[in-house]
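# What follows is a predicted protein model with its sequence.
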Protein chains: 2
Amino acid sequence: MITKEIFYPTSIAVIGASSDEAKEKEGWVGRLLEFGYEGKIYPINPKGARILGLKSYPSVRDVAGTVDYAIFNVPASLVPNLLKECADKKVKVAHIFSSGFKETGKDEGVKLEQEVERIVRETDIRVIGPNCVGIHCPEGRVTFARFPKRSGPAALVSQTGAGATRIVTYASKRGIYFSKVVSYGNAVDLESTDFLELLSEDPEVKFIGCYIEGVKDARRFANVVKNCMKTKPVVILKAGVTEASRQAAVSHTGALAGSEQVWQAFFKQSGAIRVDTLEEIVEQMVALQYISPPKGRRIGIIGRGGGPGVIAAEICEKAGLRVVPFTPKVRIELERIIPAGSSVGNPVEIGLGRAGASPHYADAFEIIAASPYIDLILTHLNPDAFVQWGGRPEWLHYSIDTLINIFRKLPKPVALVLSPSETDEARDVVAEAWARCLDAGLAVFRSYEAAAKAISKLIQYHEFVRSVRGMVEK
Amino acid sequence: MITKEIFYPTSIAVIGASSDEAKEKEGWVGRLLEFGYEGKIYPINPKGARILGLKSYPSVRDVAGTVDYAIFNVPASLVPNLLKECADKKVKVAHIFSSGFKETGKDEGVKLEQEVERIVRETDIRVIGPNCVGIHCPEGRVTFARFPKRSGPAALVSQTGAGATRIVTYASKRGIYFSKVVSYGNAVDLESTDFLELLSEDPEVKFIGCYIEGVKDARRFANVVKNCMKTKPVVILKAGVTEASRQAAVSHTGALAGSEQVWQAFFKQSGAIRVDTLEEIVEQMVALQYISPPKGRRIGIIGRGGGPGVIAAEICEKAGLRVVPFTPKVRIELERIIPAGSSVGNPVEIGLGRAGASPHYADAFEIIAASPYIDLILTHLNPDAFVQWGGRPEWLHYSIDTLINIFRKLPKPVALVLSPSETDEARDVVAEAWARCLDAGLAVFRSYEAAAKAISKLIQYHEFVRSVRGMVEK
């Protein structure tokens, strides 16, 4: 297995390290140093100068010790010969960052990619790329961007580098951290299926996100995903299902995207969670990490603002959740504590008082949670409205205190919708509230749509797991 | 017509102004003073003390001069008698902020609302509400929140106060400012149809957003919207079309929401633009204000990042836009300037260089814009990816300079997707870039979905206008 060499290499050659140190500081060598990489780094540069304090070598052949991993940052035309040198040197894995291959659609690029393919076939070297940003693994201290050094239960397999960067960045503000990220571009050798197979067996990884333009062997891919789903959920954005985006995928990574019907059948059979945008990959991960499995689709909604409650109910229903009417018992209990003018149906509109510290919030929450006809609770706070009506941004922390306290003792899953503030006054307070909720293990979403979609798919996933287990038990 | 008294009252009584000045500073009197209201303010308070420097009166009957407008901030049970006093005093318009009426679903509230209804019927006073936040009109210097004092071509008619506040706040960071906003709650008297009729004749208003839970007279509403659409577009979020949300609307404002089929027919016949969320109302307004009418649905996509381009193409196609392949002529011209490794199809992946100042961006933009087969251009910059790869946040301004320059001389509509930064380093730079684009008159959207939806509906609107004009001309 090459998991170790890919994610925890003990030595890395950077082929094409620049002797312009200011440039290389922002390049691969600089990035590895900044990320605290602890293995040996061998800058490969024809001039053989020292680069960022490291001895450089004219060729990988000149390195005395073994080299686990090589990063290629040279023009495409130079790649085949240098790759052959790496294979001769018994480098285990080459990450070809360089572009200019099959994705150009030009004869020269296609030919260069075929040469790389031939070397892969004829030698023991394994290749990530070309045309990709490669690997991020905080515990192995390797990365391709200024990402958090914190590791977490998430993994990402992505054919797009810009997209992978967007996902990890977006995730880091949402309490999702990655144990492993792979951007694999044209996939001349290793592709999504291979990485999924590695990650399915990785005990650090609890769920996996995927951005896929195409796969080489659809049957093997489906089998690997099915197998992975037995132990951990896979969230997939399948790009390139419309005509123009299919063409775009060909131009981007030379991928053959496959028809929408085939992919629909795949999602149905495998149980993999399908999403439509990069952000939804992250939001699905938030649901997977932070929301305990709901028993069913019956959702109770409680929050500030009548109109927003109506919209929340509508969005939840459209996403396939059931906003069931409260029982007379629940309504009577709510009417006892909620002032006139607020709704006691489902959704409940809760007056939080100007300071946001209304005890009704906690009480109403508990009344709803105690109902056997409610499986999970969605709450929303709309701080901007209250700031605009003269409240202080800090009031939000009282509501958050209340919410976290309830959440800690509540036997049912809870999710919070807290849109990022659009006011300068409340922006930082809302961001802080997000962080506090996530620290307490409470799922937070930026919008009703994001929450409803992610929750509905989470429930679908647990339904799938139960049905598969049911089958296995039979 | 009561437009003047509603939006530009020359005198306002605040019934239930608090003698606790700290409280009233954050209340209706304080808000009017802070917003620079220039007419007379009469605080009405049984104690008759001075409130925030203003003489207060035990009753509106004690005011010597005329009163155009009265704001009710008293318990529901007191409203009928005080409203009668206002009617006797010949107050033109009463805004009943108080809740506790029909929306409670209780006999007492229903009875109180019926009393208000009777006074409206038997006297000349007109009522906004109850259970609503009322009016915002920067030129009349009246408001219900800490909103920008800047006026603009937008108007909003909303049954939800929290939602209206969300919309105006969200809009203010997106270059959309409001000439008039109305939140009308239970609509015992004036309702959406009435306000739409007023606004359709208002020369300050160029487009109107609506959040509606229910209307009293569907036929009249449809006629007013149809008439309005002759001169200005109406964007409508019809809430309460699913079962639970319909119930929620009843609890919220006592509205009868109507069936989805009826509303579908209404949207088809009227040509009103239908949206699903509060945020989409604003994004549709951005399209209406900032994007000149495209001739058709053929969109060219140019931006940074291959994967994001594929996703953008897919989202545009799903939204009903046509991501047509470029002609061989365009492809050949693009290949001349774009380095190997980037896509020259539609979408175009553009290398912007680390500093973001690549001349290829401008050149490629112009090549695409010159094609007679492209009706409008969507561009995306993904600054977070490049910041994470070692770029400086400020590089973005070079791209924005380039973009604004192209936009100014380009004969075709352009829209930019620029997601708010998720990094602390780039957050303010991206926000500044937004503001710069909007100042230059260039439409900016937070996501591909938001852009694609708003653009597609904009085109649908212009198609509708052309078809109606076609009919009229025949």
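Structure's in. What do you need?

# State the three-state secondary structure for A:Leu416.
Put simply, A:Leu416 is strand when judged by DSSP: H, G, I helix; E, B strand; the rest coil.

# Tell me who's in contact with the nearest residue to it once chain neighbours are set aside.
In space, A:Leu416 comes closest to A:Val444 once its chain neighbours are excluded; the distance is 4.9 Å by C-beta to C-beta, 6 or more residues apart in numbering or on different chains. Where you see a C-beta, it was placed from the backbone N, CA and C, and this is true even at glycine. By C-beta atoms under 8 Å, 6 or more residues apart in numbering or on different chains, the contact list for A:Val444 reads A:Arg174, A:Gly175, A:Val286, A:Ala415, A:Leu416, A:Val417, A:Leu418, A:Trp434, A:Cys437, A:Leu438.

# Report the two of those separated the most.
A:Gly175 and A:Val417 (15.2 Å; C-beta to C-beta).

# between the two, who's got more neighbours?
A:Val417 (24 against 21; other C-beta atoms under 10 Å in any protein chain shown).

# quick one: is stretch A:447-456 near chain B?
Yes. Stretch A:447-456 is in contact with chain B by C-beta under 8 Å from any C-beta of the partner chain, via A:Ser447, A:Tyr448, A:Glu449.

# repeat for stretch A:38-56
No. Residues of stretch A:38-56 contacting chain B under C-beta under 8 Å from any C-beta: none, with a closest distance of 13.6 Å.

# Send me that stretch as PDB with only the CA atoms.
Extracted C-alpha coordinates of stretch A:38-56, given in PDB (Å, rounded to 0.1, in the frame of the first residue of the first chain):
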ATOM      1  CA  GLU A  38       9.600  17.300   9.300                       C
ATOM      2  CA  GLY A  39      11.100  14.900   6.600                       C
ATOM      3  CA  LYS A  40      13.900  15.700   4.200                       C
ATOM      4  CA  ILE A  41      13.300  18.200   1.400                       C
ATOM      5  CA  TYR A  42      15.400  18.000  -1.700                       C
ATOM      6  CA  PRO A  43      15.000  21.000  -4.000                       C
ATOM      7  CA  ILE A  44      16.000  19.900  -7.600                       C
ATOM      8  CA  ASN A  45      17.400  22.800  -9.600                       C
ATOM      9  CA  PRO A  46      20.000  22.700 -12.400                       C
ATOM     10  CA  LYS A  47      22.000  25.400 -10.800                       C
ATOM     11  CA  GLY A  48      22.500  23.400  -7.600                       C
ATOM     12  CA  ALA A  49      22.400  26.400  -5.300                       C
ATOM     13  CA  ARG A  50      21.100  26.500  -1.800                       C
ATOM     14  CA  ILE A  51      17.400  27.300  -1.700                       C
ATOM     15  CA  LEU A  52      15.700  28.500   1.500                       C
ATOM     16  CA  GLY A  53      18.600  27.000   3.500                       C
ATOM     17  CA  LEU A  54      18.400  23.700   1.800                       C
ATOM     18  CA  LYS A  55      21.000  22.000  -0.400                       C
ATOM     19  CA  SER A  56      19.600  21.600  -3.900                       C
END
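
# ok, residues contacting that stretch?
Contact with stretch A:38-56 is made by A:9-19, A:21, A:24-25, A:29-30, A:32-33, A:57-60, A:63, A:65, A:67-68, A:141, as judged by C-beta under 8 Å, 6+ apart.

# Compare the contacts of A:Val444 and tell me which is most surrounded.
When neighbours are counted by other C-beta under 10 Å, A:Ala415 leads the contacts of A:Val444 with 27 neighbours.

# Just confirm it contacts A:Ser456, I think it does.
No. Using C-beta atoms under 8 Å, A:Ala415 makes no contact with A:Ser456, being 11.4 Å away.

# Distance from the helix of greatest length in chain A to the middle of the chain?
For chain A, the longest helix by residue count, based on DSSP state H, is helix A:448-473. Centroid separation for helix A:448-473 versus its chain: 18 Å, with C-alpha atoms, centre = their mean, to the nearest Å.

# now the residues of stretch A:447-456 next to chain B as TSV including neighbour count and pLDDT?
Listed next are those as TSV, based on neighbours: other C-beta atoms under 10 Å in any protein chain shown; pLDDT from 0 to 100:
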residue	neighbour count	pLDDT
A:Ser447	19	96
A:Tyr448	25	96
A:Glu449	23	96
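
# Show me which of those residues is closest to A:Leu376.
Among the residues of stretch A:447-456 next to chain B, A:Tyr448 lies closest to A:Leu376 (C-beta to C-beta), at 14.4 Å.

# Residues touching the helix or strand of chain A with the lowest mean pLDDT, excluding its own?
Ranked by mean pLDDT, DSSP states H and E, the weakest helix or strand in chain A is helix A:243-253, scoring a mean of 72. For helix A:243-253, contacts defined as C-beta under 8 Å, 6+ apart pick out A:103, A:105, A:131, A:159-160, A:185-187, A:213-214, A:239-240, A:255-257, B:306-307, B:309-311, B:313-314, B:316-317, B:322-325, B:343-347, B:349.

# That one: how far from the chain's middle?
On C-alpha atoms, centre = their mean, the centre of helix A:243-253 falls 22 Å from that of its chain.

# And the contacts of the next helix or strand after it?
The helix or strand immediately downstream of helix A:243-253 is helix A:260-270, counting by DSSP states H and E. Contacts with helix A:260-270, where a contact means C-beta under 8 Å, 6+ apart, come from A:Ala218, A:Ala222, A:Val225, A:Lys226, A:Met229, A:Val234, A:Ile236, A:Lys238, A:Val241, A:Ala272, A:Arg274.

# neighbours of A:Arg31, just the number please.
Counted with other C-beta under 10 Å, the neighbours of A:Arg31 add up to 22.

# and it, what does it touch?
Taking C-beta under 8 Å, 6+ apart as the test, what A:Arg31 contacts is A:Thr143, A:Phe144, A:Ala145, A:Arg146, B:Gly390.

# residue contacts, the first one?
A:Thr143 makes contacts with A:Arg31, A:Leu32, A:Phe35, A:Ile135, A:His136, A:Cys137, as judged by C-beta under 8 Å, 6+ apart.

# How far does the helix or strand harbouring the second one sit from its chain's centre?
Under DSSP H and E, the secondary-structure element containing A:Leu32 is helix A:28-34. Here the centre of mass of C-alpha atoms in helix A:28-34, compared against the chain's by C-alpha atoms, centre = their mean, lies 24 Å away.

# After that helix, which helix or strand is next?
Next along the chain after helix A:28-34, taking DSSP H and E as the criterion, comes strand A:40-44.

# Spatially nearest residue to whichever residue of the stretch 101-250 of chain A sits closest to chain B, not counting backbone neighbours?
The nearest approach of the stretch 101-250 of chain A to chain B comes at A:Thr160, 2.1 Å away (C-beta to the nearest C-beta). Nearest non-adjacent residue to A:Thr160, counting by C-beta to C-beta, 6+ apart: B:Gly307, 2.1 Å away.
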